[in-house]
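A.B. asks: just coords:
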């Protein structure tokens, strides 16, 4: 546990993405099986020890500490597990230096313990650990790691640790289970790459570059709408169906209606949306979709009030044939033949925009006022489906260029009726060296319900305090709208936004995919 606790502690206080990658990669290389596999599962959210709930940790605190003192300490620290770990009284004589529990031993003990006996077991384990170890133990047991590590970043660290291709790691990931012995054996060259065939596994997405100043010839490119939902991949294999987000997270449980309706063998790429009304209307705004995002269970009422559907863009696998190497025109023809056999209430195809010239397309784009349209996609007609962003193949042309996806960095309480909630947010974008620098501050643009969610995020993800300011884990992506952006010598990023406001909370987007400083600098007026 000592090495794992040190990893967690260092990840919390490390801002740089590259530094986080190096820390995880070093840990994976130096730690034996199965400890490193269980640690990786904890970091990626794949570890679910149902024995321990956060309410039990709170009950332990109520038994051992003065309730008023604990509440005051919890309010200051911002995290129940951290507060308990810091307040826990160590045994007389201190923690034995030679008593180093392994991660796998802790996992086995917790897995074999009943929920009723879990608090007693936890207390005994905490007596054998220092403050960092206690914090890591409680986070491991409750499943709330929150150390600024996305699943994508952890998979990238695996690739970096063993000199593997990250796309290969992502493809085999969902065919494996913790503690990932096959993954590490492959990484160390002891066995061949695990074969995920026969399972509904994830394929990395093809992504687009911002169009910016580029002009394209519509003789070479097809244009279609960029819909304002979340990008998903649907995988059907021998009756088993999975939905994956752009980051490779399995979101099937949040959208069982889509999985149930996909009665086909194949892999398709599209935009997940909800209907504007329950009578089968057009796509609603992103805010409507947000009512269903991130839910582990979906009620019948939720499914009825916010009926999900997928507007399909592309096909990767047709039956058992991999068609990714085919040009876009051939894949499009196959997709058009594939879609009619699907449930028409749940799946349709994204229509092409009939524009004869770039200027005509620009006019059509500016005139679009559909709430679910974010802009235009331009796809080279001869482009294969290639993982990642490849210059010149796909472009995204957003309708409103003065938007940026930023990462929340700091938060402050508001004033007046907002004096008790964290409502003022400082956010940043990435440099080319993967450093996050502040680019603006906003305190408007969200609903009261969204404010409650953001306030809860700040309290549960605080990593440092500077007077009234809380620094948070760099995992929350905010889409920020602003009137203009200017050069500024007062800010480290060299930029200042005019009238920034939060236009959307991007819980679907990994933090490392937020915008870069260079992109914002091209918007300077």
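C.D. replies: Good, I have the coordinates. Quick caveat: nothing in here was measured; it's all calculated off a predicted structure.
A.B. asks: tell me the contacts of residue 235?
C.D. replies: Listed by C-beta atoms under 8 Å, 6 or more residues apart in numbering, the contact partners of residue 235 are 200, 201, 202, 203, 241, 242, 243, 244, 267, 317. The C-beta positions use only the backbone N, C-alpha and C, and glycine is treated the same way.
A.B. asks: skip the chain neighbours and tell me the closest residue to it.
C.D. replies: Closest residue to residue 235 apart from its sequence neighbours, by C-beta to C-beta, 6 or more residues apart in numbering: residue 200 at 4.1 Å.
A.B. asks: local confidence estimate at the one you found?
C.D. replies: At residue 200, the model reports a pLDDT of 91.
A.B. asks: isn't it right up against residue 243?
C.D. replies: No. Using C-beta atoms under 8 Å, residue 200 is not in contact with residue 243, being 9.4 Å away.
A.B. asks: all helices for the stretch 1-150 of the chain, in order.
C.D. replies: Ranges of helices in the stretch 1-150 of the chain, per DSSP state H, counting those that start in this stretch, are 2-12, 17-30, 35-44, 54-64, 67-77, 80-87, 103-111, 118-126, 131-142.
A.B. asks: can you check the stretch 351-500 of the chain too?
C.D. replies: For the stretch 351-500 of the chain, applying DSSP H, counting those that start in this stretch gives helices covering 358-367, 448-460.
A.B. asks: mean pLDDT for the ones you listed: which is lowest?
C.D. replies: Among these, helix 358-367 carries the lowest mean pLDDT, a mean of 87.
A.B. asks: what is that helix packed up against?
C.D. replies: strand 373-380 (3 or more C-beta pairs under 8 Å, 6 or more residues apart in numbering; DSSP states H and E).
A.B. asks: where does the stretch 1-150 of the chain have low pLDDT?
C.D. replies: By pLDDT under 70, the weakly predicted segments of the stretch 1-150 of the chain are 76, 78, 95-99.
A.B. asks: residue 254: which of the helices of the stretch 351-500 of the chain is closest?
C.D. replies: helix 448-460 (15.9 Å; C-beta to C-beta).
A.B. asks: and that closest one, how far from the chain's centre?
C.D. replies: The chain centroid and the centroid of helix 448-460 are separated by 17 Å, computed with C-alpha atoms, centre = their mean, to the nearest Å.
A.B. asks: mind giving me the packing neighbours of that helix?
C.D. replies: If contacts are counted by 3+ C-beta pairs under 8 Å, 6+ apart, helix 448-460 sits against strand 403-413, strand 422-430, strand 469-472, strand 501-505.
A.B. asks: can you rerun that using 10 Å?
C.D. replies: Packing contacts for helix 448-460, counted by 3 or more C-beta pairs under 10 Å, 6 or more residues apart in numbering; DSSP states H and E, involve helix 67-77, helix 80-87, helix 286-290, strand 403-413, strand 422-430, strand 469-472, strand 501-505.
A.B. asks: tabulate the ones you listed (a markdown table), appending mean neighbour count.
C.D. replies: Shown next, in a markdown table, are the helices and strands packed on helix 448-460 (neighbours: other C-beta atoms under 10 Å):
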| stretch | mean neighbour count |
| --- | --- |
| helix 67-77 | 13 |
| helix 80-87 | 21 |
| helix 286-290 | 19 |
| strand 403-413 | 23 |
| strand 422-430 | 23 |
| strand 469-472 | 20 |
| strand 501-505 | 20 |
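A.B. asks: can you list the residues that contact stretch 111-122?
C.D. replies: 49-53, 56-57, 59-60, 63, 84, 106, 109-110, 134, 137-138, 141-142 (C-beta atoms under 10 Å, 6 or more residues apart in numbering).
A.B. asks: which of those residues are buried?
C.D. replies: By neighbour count, with 16 or more other C-beta atoms under 10 Å, the contacts of stretch 111-122 hold 49, 51-52, 56-57, 60, 84, 106, 109-110, 134, 137-138, 141-142 as buried.
A.B. asks: which pair of the residues you listed spans the longest distance?
C.D. replies: Using C-beta to C-beta, the buried ones among the contacts of stretch 111-122 span at most 18.4 Å, a distance reached by 84 and 109.
A.B. asks: thinking again about what came up before, out of the helices and strands packed on helix 448-460, flag the one nearest residue 175.
C.D. replies: Once the helices and strands packed on helix 448-460 are compared by C-beta to C-beta, helix 286-290 is nearest, at 28.8 Å.
A.B. asks: mind giving me the packing neighbours of that closest one?
C.D. replies: For helix 286-290, the elements it packs on are strand 230-237, strand 266-274, helix 448-460, strand 501-505, judged by 3+ C-beta pairs under 10 Å, 6+ apart.
A.B. asks: can I get those in TSV with distance to residue 192?
C.D. replies: Below are the helices and strands packed on helix 286-290 laid out as TSV (distance: least, C-beta to C-beta, whole Å):
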stretch	distance to residue 192
strand 230-237	21
strand 266-274	23
helix 448-460	42
strand 501-505	42
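A.B. asks: deepest of the ones you listed, which one?
C.D. replies: Mean neighbour count, computed with mean count of other C-beta atoms under 10 Å, is highest for strand 266-274 among the helices and strands packed on helix 286-290, reaching a mean of 24.
A.B. asks: and that one, how far from the chain's centre?
C.D. replies: On C-alpha atoms, centre = their mean, the centre of strand 266-274 falls 18 Å from that of its chain.
A.B. asks: equivalent analysis for stretch 343-361, please.
C.D. replies: Centroid separation between stretch 343-361 and its chain, computed with C-alpha atoms, centre = their mean, is 28 Å.
A.B. asks: strands along the stretch 101-250 of the chain, start to end?
C.D. replies: When secondary structure is read from DSSP state E, counting those that start in this stretch, the stretch 101-250 of the chain shows strands at 206-207, 209-210, 221-227, 230-237, 240-245.
A.B. asks: least confident of those, on average?
C.D. replies: The bottom spot among those, by mean pLDDT, belongs to strand 209-210, with a mean of 90.
A.B. asks: partners of it, with directions?
C.D. replies: Using DSSP bridges, strand 209-210 pairs in its sheet with strand 394-398 (parallel).
A.B. asks: give the buried residues for the partner strand.
C.D. replies: Across strand 394-398, burial judged by 16+ other C-beta under 10 Å covers 394, 395, 397.
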